[in-house]
Every structure is written in structure tokens, then in C-alpha cells.
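Trainee: Got a predicted structure plus its sequence, pasted below:
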Amino acid sequence: PSSQHNRNSVQGRSRGSIGGNACAWQRGGAFAAMVLRPLEFSDCLTDSPYFRESIKAHEQEVEESHDGIKELVKASRKACANAREYSKANNTFAQTLIDFNFRHADSGSTESENVIGSALQKFGELMAEVEEQRALMLDQSPMIVSDPLESFRKVEIGAVREEKKKFDKQAHRYYEVVEKVLSMSVKRKEGSQFHEADQQLELEARQFHKQYLCYVQKLNELQEKKKFEFVEKLLQYMYSQMSFFHQAYESMKGLAGFMTDLQLKLQNTRDLFDTEKVFVEELMQKIVAQAAQNAEERKTQKLDGKEGYLYAKERGRGGIGTTWSRHFCMFLRLNNTFTVTNFGQSKMTPNDMYKVSSWKPVPPETIDRRFCFEVQADDGKAITVQAPGQADYDEWIRVLSSGSAPATASSAVKRSASAGAGDDSGLNKVMLQRWIAALEAKGLEQEGLYRLSGVQSKVAKLLKESRANPGGVQLDHDESKTIAGALKLYFRQLPEPLLTFALHEQMLGAVRVDDWNSKLFGLKDCLNKLPGPNYDVLRLLVAHLRDVAALADQNKMLASNLAVVFGPTLLRSEEESVNAIMNIKYQ
């Protein structure tokens, strides 16, 4: 598969097709350059070796962050050891900041993330300049910087490490149970014992997938938290420098504007994280529900291939006896090939590929194992494999015997056409005009307007009544935050966002452009493509939000704050995935 195919596979993999994975490498032996990307929850259900490799990349980044933070803490404490050595130690700390590698868990970055990412280098350079004028020792440094960083390392990174232990333990237990159940003799056991064993296996599988999802979420969450919690502690340290050292004031004053901008960007990043976390939790629940639904759908789907773990029968050491080893296998109807991959603890060995000429099920009484079948290759070689359960066995048998066209089911969660929109399937400009007029009449100076939510029941009631009677609902007795909440909920519940699904990728592409004039030209081109009603409503809304931002000194709602509130509702992807949620920062 091409590298473009691999990138597309990350965003959504067909349940009835082969070749998608959450890691940036090529199948077939040669690994491509690794890129740290968000881990998709849907890949937890397959637990492929390719996904495990992606997890290892995240785990390596966790350890690098752990070691990097540890170095920063060590440098800071050394600076506080004694007055004579303080200046030298603080220069070491400054250099550590400059050298720290701040990586993102995706391929792109926003202006805010670029500012946050450059903050460490700027802080280090400033500290080196301050040390030239330093005459006093910063005796409160441990409370300001080293202790919080150490707490972040122990609490946040420590939590990920503990989750890894739980995951490894659960994975070991699950595959032990799998091997135990599969090795049960059909000659010596009663039917009830097989039933009990299968139930236990199903229970262990659910526990394993649940723990898998939790661990993947912890890894994704840590990458996001580093963007604000980690840098925020260092920002506080820099403010302390300005407070305690008069001689460094002039040098520090030149960075005050950057630090103020950084504080705003950190707060916006934190707000974005809170928004993303809500969407991520919803996605986790949908993934679990979809897994159960897909299991039923796959029983009737026509598949063009299948992949998963099988246990292959092999000769024992020295040619004595037989053993059963776990392999990751793929069968493609397109070229009628059966590929066997042996993935160990440390590396993946070359694949064995068979051109399938025939296959047959193996009766349990002839091999003393259930769920077995034999694949015969054109060159005369044969391999006997065992599926890890009845449902998996049935699917392998069906796909080996079927020559039908592939199904086209997506592994990403599609947004429902109704998506909570109720009876409202279009734009209601009259209702929006009345809401906006009511808000402006009550005054736009209220602190936290649109950021602070009204009572949920009152918001839902107002939205329902306004939909039924757009021009007749009295708004005199409703609070501003209730009307603002109804306006936000209305846009969120539209079956298609105001900026449309069709323009989503083009909008994001325009925003990612560095050149300001090119960015404006790209956005203008997108706006010109909007349907007329959408453009009119957007114009109405933006004019209102401009008036809100103009009173930011009173309501504390800058344009960037309003963007955090409205971005995910006005522009969103049609498919829900971790990668799509990470794009909220551009929206």
C-alpha cells in the first residue's frame, strides 16, 4: 500500500476490508518513518501488531518526557543548592529548556501550539541573559518550578505507567485464558465445560478491551496535557523572576508581551482540551456500542478479506511433537493470498505468504482441538490454524469460501443524520435574529457570555419552544446565559454544521497555511462556496460575535475565547474519530 493509503487508513478503516492501521508504516516488511499520531480506539478491538508498534512509539515518548522533565527538575534544584553556584546551575537549567524537544501527538500544529512549543526556548534564552545581571539567589525557586514539575512527572506520567502495568497484566491474563480454552481436549471434556470456558473467555475479552481503551486514552491524554500543564509551571517560574529581581526587570520586560499572549494561548488550549475530552468520552462509548453492533452485522456481510490472530500448528523443537503458536494472519480475496506474520516481543519477522489453492475445516476428533481449518497453497504446502472462538472461526470459513464483492462499512463512527436535531432540519434565521436581539437588549457586558452555561433544562425548553414558534416566544424573563446556551445548542444540533461537511477539509487546509494573505484568500474562497442561507446566517452570527468581542474588557470573551466555544459546532467532521477530535484546535 502507498503512504497515502496508510494516511487514509488512520482516519477510517473499513470493517470489511484489509490494510488499515493506526500506525504510520508500510506493510510487507519495510517500515516507514514513524510519526507520533493519536491512537484510535477502534484499533483496540483488533489489537494488531501494527497498532502495538504505534503504542510503543507513544510509550517511548512518555519515557522521553519523563526523562526530560527529570532533567529540568534536577537542573532547577541544583540552581538552589547554594548562592555561589546558583548562577551556574541556573544557566544549566536554561540550556535544558532550550534543548527540550517539545513534540505534538499529530502531524500539524496551530499558531497557539507553535507559541507554546517555542516558549521553552524563549524562556531559556531569557534566563541566560538574566544570569549576566543576577546578584541575588532565587530561594523560592523549588516551590515555584521544581516541585510542580516533579509532581507532573510523578502524578501524570506515573498514572500512565500504572495504567500500562494494568494493561499488560490484563493482556497477559486474557491471552492465557485464550490459550487455555483453545487447548481444551474435545475428547475429555463435557459440553457444559466448553460452554463455561467460552463464557469465561468472553468475559476476559470484554475486560481486556475495556482496559485497552483506558490505557490508550491515558496515552492520548498525556500528550495533550503536556501542552498546557507542563509549560504553565514554567510560565509561573518566569513570572517569579520578574517579581524578585529588579536588576533583571528591563530584560524581562521585553518578554512580557509574549508571556501574556502565552497565558491566553495556554488557557485556550486548556479549554480546548476540556472540549476534546467531552467528545473523546462520547466517542469511547460509541466505539464500544459499535463493536457489538458490528459483530452482528459481520455475520451477514460479504467480505473481501479478513485479518486477525490465529494459532498455527508447528513442529516442536528437534522435530518432536507439535506446538501451537500465535500469528497475525491476513487473507485477501483480491489475489487469493494468505499471509502469516510472527510478531514477537521485540520485532516482527518476515511474512510467510501462501497462494491459496484450497482449504478445508479440520474435524475436532481428528486433531483434538476446536475451531481448526487447513489452508492448502499452490506449491503443495499446507498450514493448519485454529481460530480463537466460534464466531471468529465462522467468519474465517465464510470469507475463505466467499468470492463476493467487499462490503463498504467504515470503522470511523459516522454522525447520525438526526444527531439530536429533533424536528429542526434547517436554518431558522428568524429565531436566531430574535435571540441575538434579546441578548443585545439585555447587554453583552455579562462576564463569560457564551462560555458560562445556563441551566440545561431551561436551555432545552427555550430551544424547543422557539422551534415550535420562532417568532412568538417571549424572551423578557429568560437570562442571557439561557438564551446564549440555546443559541449554542441550536448550532450543535444541526444535522449538518453551518459551514457544511463538504467544506470541512478545505477550511482546515486554509487555516493551516502560514502566509496570512493566502490564509484569508483560502477562507474567502470557502465562504463563497457556502449555500446562500448558510452564508446569511453566518454573516448574522459573526456580526453579533464581533460586538461581543468588542466588549472583551468587560465580558472577558476575546475572539479566541469565542472561537473555542463556537468552532467545534460551526465546523466539524462528518466522521467521529480521535484524529477528527484533535482537529478541533483548527476549528
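Mentor: Great, that's in hand. Note that the structure is a prediction, hence the values are computed from the model and not measured.
Trainee: CA only for contacts and neighbour counts going forward, please
Mentor: Fine.
Trainee: Show me the strands in the stretch 201-350 of the chain, by range?
Mentor: 305-315, 322-332, 337-341 (DSSP state E, counting those that start in this stretch).
Trainee: Mean pLDDT added to these, as JSON lines?
Mentor: JSON lines is the format used below for the strands of the stretch 201-350 of the chain (pLDDT from 0 to 100):
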{"stretch": "strand 305-315", "mean pLDDT": "87"}
{"stretch": "strand 322-332", "mean pLDDT": "88"}
{"stretch": "strand 337-341", "mean pLDDT": "88"}
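Trainee: possible to save those as CSV with mean neighbour count?
Mentor: Output for those, formatted as CSV (neighbours: other CA atoms under 10 Å):
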stretch, mean neighbour count
strand 305-315, 20
strand 322-332, 18
strand 337-341, 20
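Trainee: Distance to residue 268 added to these, as TSV?
Mentor: Formatted as TSV, these follow (distance: least, CA to CA, whole Å):
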stretch	distance to residue 268
strand 305-315	42
strand 322-332	43
strand 337-341	45
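Trainee: Which one of those lies nearest to residue 384?
Mentor: strand 305-315 (5.5 Å; CA to CA).
Trainee: immediately after the host helix or strand of residue 467, which helix or strand?
Mentor: Assigned by DSSP states H and E, residue 467 belongs to helix 456-468. Note on helix 456-468: by DSSP H and E, the next helix or strand toward the C-terminus is helix 480-492.
Trainee: Please name every helix or strand in contact with that following helix.
Mentor: Contact partners of helix 480-492 among helices and strands, from 3 or more CA pairs under 8 Å, 6 or more residues apart in numbering; DSSP states H and E: helix 429-442, helix 456-468, helix 559-570.
Trainee: Any buried residues in that helix, and which?
Mentor: Going by neighbour count (16 or more other CA atoms under 10 Å), the buried part of helix 480-492 is 480-492.
Trainee: Equivalent analysis for stretch 218-232, please.
Mentor: 218-229, 231-232.
Trainee: if I look at residue 505, how far off is residue 539?
Mentor: 21 Å (CA to CA, to the nearest Å).
Trainee: How about residue 564?
Mentor: Taken as CA to CA, the span from residue 564 to residue 539 is 18 Å.
Trainee: Compare those two (neighbour count), which wins?
Mentor: Per other CA atoms under 10 Å, whichever of residue 564 and residue 539 has more neighbours is residue 564, with 20 against 12.
Trainee: Touching, that one and residue 272? I think so.
Mentor: Yes - using CA atoms under 8 Å as the test, residue 564 is close enough to residue 272 to be in contact (6.4 Å).
Trainee: For residue 559, give me its contacts.
Mentor: Residue 559 sits next to 545-546, 549 when contact means CA atoms under 8 Å, 6 or more residues apart in numbering.
Trainee: same deal with residue 383?
Mentor: Neighbours of residue 383 in contact, by CA under 8 Å, 6+ apart: 312-313, 374-376.
Trainee: Name the SS class of it, please.
Mentor: What DSSP: H, G, I helix; E, B strand; the rest coil gives for residue 383 is strand.
Trainee: per-residue confidence for it?
Mentor: Note for residue 383: predicted pLDDT of 88.
Trainee: Which strand residues bridge it?
Mentor: When bridges are called by DSSP bridges, residue 383 pairs up with residue 375.
Trainee: For the remainder of this discussion, apply numbering that starts at 55.
Mentor: Renumbered: residue one is now 55, and that last one reads residue 437.
Trainee: Quick check: it vs residue 229, distance?
Mentor: Going from residue 437 to residue 229 by CA to CA gives 22 Å.
Trainee: Fine by me, thanks again.
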